[in-house]
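>>> Quick one: sequence and predicted model below, then my questions.
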Amino acid sequence: MLIAVDTSIMIRLAMRDDEAHYQKALALLTGHQFFISRTVQLEMEWVLRSRYKQSVEEIANFFSLLLQKTKILCENEEELINAICWYRLGADFADAIHLAHTKSLPFYTFDERFCKKAIQQGIAPRVNFL
């Protein structure tokens, strides 16, 4: 059965910082398939980075691991894969998610650092700077 989960469930699985909650989250995962929405993905990155001081590489590896699990379904997996790649290149995670989800729409920003390396390497859609 597919269920949607909150950031708090995923953080317990990632960090195992509360053993009782970790065990409950693990038991839930054992009996269900998890759906992780785009908003939960954004919040997970923010919590791992700001509260747990995880590095870009650690966070990107965690998301990559989630994408490999058959019991975990991430909203818009193809776009998340692209966003993770751009994040590893120095893009802000939220910016990478925003750009990945625009697909072929023209994208505009004032932020000249927006996914800069990914755009320079030609592996991200074009961004228009105002």
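Yep, it's here.

>>> Quick check: buried residues in stretch 60-67?
Going by neighbour count (16 or more other C-beta atoms under 10 Å), the buried part of stretch 60-67 is 60, 62-63, 66. C-betas here are computed from N, CA, C, even on glycine.

>>> An error on my part: the question was meant for stretch 48-63.
Applying 16+ other C-beta under 10 Å to stretch 48-63 flags 48, 54, 56, 59-60, 62-63 as buried.

>>> any idea how far that stretch is from the chain center?
10 Å (C-alpha atoms, centre = their mean, to the nearest Å).

>>> In helices, which of the buried residues of stretch 60-67 appear?
60, 62-63, 66 (DSSP state H).

>>> Now for the residue nearest the centre of the chain: which residues touch it?
Compute the mean C-alpha point of the chain, and by C-alpha atoms, centre = their mean the closest residue is Gln41, 4.3 Å away. Counting by C-beta atoms under 8 Å, 6 or more residues apart in numbering, Gln41 makes contact with 63, 74-75, 80, 97.

>>> Just send those residues back as JSON lines, with pLDDT too.
Formatted as JSON lines, those follow (pLDDT from 0 to 100):
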{"residue": "Phe63", "pLDDT": "97"}
{"residue": "Cys74", "pLDDT": "96"}
{"residue": "Glu75", "pLDDT": "94"}
{"residue": "Leu80", "pLDDT": "96"}
{"residue": "Ile97", "pLDDT": "95"}
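
>>> Show me the two of these that sit farthest apart.
Phe63 and Glu75 (12.4 Å; C-beta to C-beta).

>>> Now do the helices in the chain.
Under DSSP H, the chain gives helices at 7-15, 19-31, 38-50, 56-68, 77-88, 93-100, 116-120.

>>> Assess the claim that Ala25 and Ile9 are in contact.
Yes. With contacts counted by C-beta atoms under 8 Å, Ala25 reaches Ile9, the gap being 4.9 Å.
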